[in-house]
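# sequence and predicted structure, then a few things I'm wondering about:
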Amino acid sequence: MRVLFVGPPLYGLLYPIVSLAQSFRVSGHDVVVASAGGFADKIATAGLVAYNAAPDLDSEADYKRRELDRLKNNAGTKPGDFSFFSEEMSDALVDFTDAWRPDLIVYPPLGVVGPLLGTKFDIPTVMLTVGFMHGHKQIDIVSQALRHAYDRHGVGQRQSDLAWIDVAPPSISILDRPDALPMRYVPYNGGTVLGEGWQKAEGRRRVVVSLGTLKPMVEGSGLIDWILRDGSAADIDFVVQLGHNARQGIPETLPSNVSIVDWIPMGPMMGEADCFIHHGGAGNTLTACDAGIPQIIFGEGADRPTNANLIRSRGCGVIPRDGNLTGSTVLEVLGNPAIAANAREVQDEMHSLPTPPQIVAEIAARIGESAQTELTLVGRR
């Protein structure tokens, strides 16, 4: 069958859908992932066919502008009228869907153009979570930001989804959909070539650090200032991910045990890490859970406080006191066997869940059953 994935053009919303899209492809289905701007190239690099629904869109620049306006206006965590670029992608995607006629549409909770397309063309839709808290409420809020596209294309109340897929570990899941299909989260963060310095030095502990791709671009790297200036106080090797567009204000000379890289393929890197310090984005949180390593999470803004509190409550990570990261915090976590044990328990939970290929088979069966039911109903008319 033909499967259209909606891939909002932001790393944290696009990359978590790639593993399932790849699984559909290798299971013999025709797959297209719709994104926008330069993120369509990211999909092509993943070995998938991309459709660029807004070639001229610079989503990161637009997101940065919106976030700076939010900070300026003290908007807090209010969602605003933002469709996460579903509006910008909608018109081209309506035309593409009409021409290609997929049999299934898969969308993440903030890729709300997916239900619009499914409703307009009577195509089954499946919602794939990319974190913990995005459920009915969040979809409703972001769909409201897409109301003009609904009006333009004559689409009324959106249809019900064929299924939801939940990638959270069962002991941490808070999804408001009891019949959701659990699926193992398989991290995708791009490929890499293993080279010198990939493995941690013998006898040394390594801590990976990331504030994501968006937060430091807007707010800088102040949350990890202790590492960048005084990290040598701890006998630990730090690998810090900071994009070139997020390095304003960092010291010219770093401690000898601190290295900065532009991008980390987090999945493979976690196998060489003893702890992960991060902002609390869903992708980073789940990648650390998959690796079974302790986490130190700042948890500021958007869904990050929820993610951080879930990890802390589960006992596999901590939140720095008052958002202030210190060497003692890092050493306490590294020296706490209970946190490490809990992290491994969560890893075992995740690894026991159905894999993406198994979910592909389940969804394909449901599509077949739905089609057979429709044929039966037509025959009775």
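The structure has been received and is ready for your questions.
# from here on, just use CA atoms for contacts and neighbour counts.
Noted.
# where are the low-confidence patches of the stretch 51-200 of the chain?
The stretch 51-200 of the chain contains residues with pLDDT under 70 at 75-79, 196-197.
# can you show me the strands along it?
With DSSP state E, counting those that start in this stretch as the criterion, the stretch 51-200 of the chain has strands at 104-107, 125-128, 163-166, 181-182.
# direction included, what does the last one pair up with?
Pointing back at strand 181-182 there. Paired strands of strand 181-182, with direction, are strand 163-166 (parallel) (DSSP bridges).
# got the buried residues for the partner strand?
Buried residues in strand 163-166, counted by 16 or more other CA atoms under 10 Å: 163-166.
# and stretch 12-31, by the same measure?
12-25, 29-31.
# equivalent analysis for stretch 230-244, please.
Buried residues in stretch 230-244 (16+ other CA under 10 Å): 231-232, 236-243.
# mind checking how far residue 320 is from residue 216?
Residue 320 is 18 Å from residue 216, where distance means CA to CA, to the nearest Å.
# not counting its neighbours along the chain, what's nearest residue 44?
The spatially closest residue to residue 44, leaving aside those adjacent along the chain, is residue 50, at 6.0 Å (CA to CA, 6 or more residues apart in numbering).
# neighbour count winner among residue 320 and residue 216?
Legend: neighbour count by other CA atoms under 10 Å for residue 320 and residue 216, higher for residue 216 (20 against 16).
# ok, so of the buried residues of stretch 230-244, who is nearest residue 360?
Within these, distances to residue 360 taken as CA to CA reach their minimum at residue 241, with 33.0 Å.
# shouldn't that closest one be in contact with residue 211?
Yes. Judged on CA atoms under 8 Å, residue 241 makes contact with residue 211 at a distance of 7.4 Å.
# SS state for residue 357?
helix (DSSP: H, G, I helix; E, B strand; the rest coil).
# burial count for it?
Number of residues near residue 357 (other CA under 10 Å) recorded here: 19.
# could you do residue 153 as well?
Applying other CA under 10 Å, we find 14 other residues in the vicinity of residue 153.
# how about it, what does it touch?
Counting by CA atoms under 8 Å, 6 or more residues apart in numbering, residue 153 touches residue 120.
# please renumber so the chain begins at 23
Sure, I'll start counting at 23 from here, so that last one is residue 175.
# ok, residue 57 touching residue 72?
Yes. If you go by CA under 8 Å, residue 57 and residue 72 touch, sitting 7.1 Å apart.
# more neighbours: the two, which one.
Remark: of residue 57 and residue 72, residue 57 carries more neighbours, 29 against 23, as counted by other CA under 10 Å.
# quick one: the more buried one and residue 212, what's the gap?
Residue 57 sits 16 Å away from residue 212, going by CA to CA.
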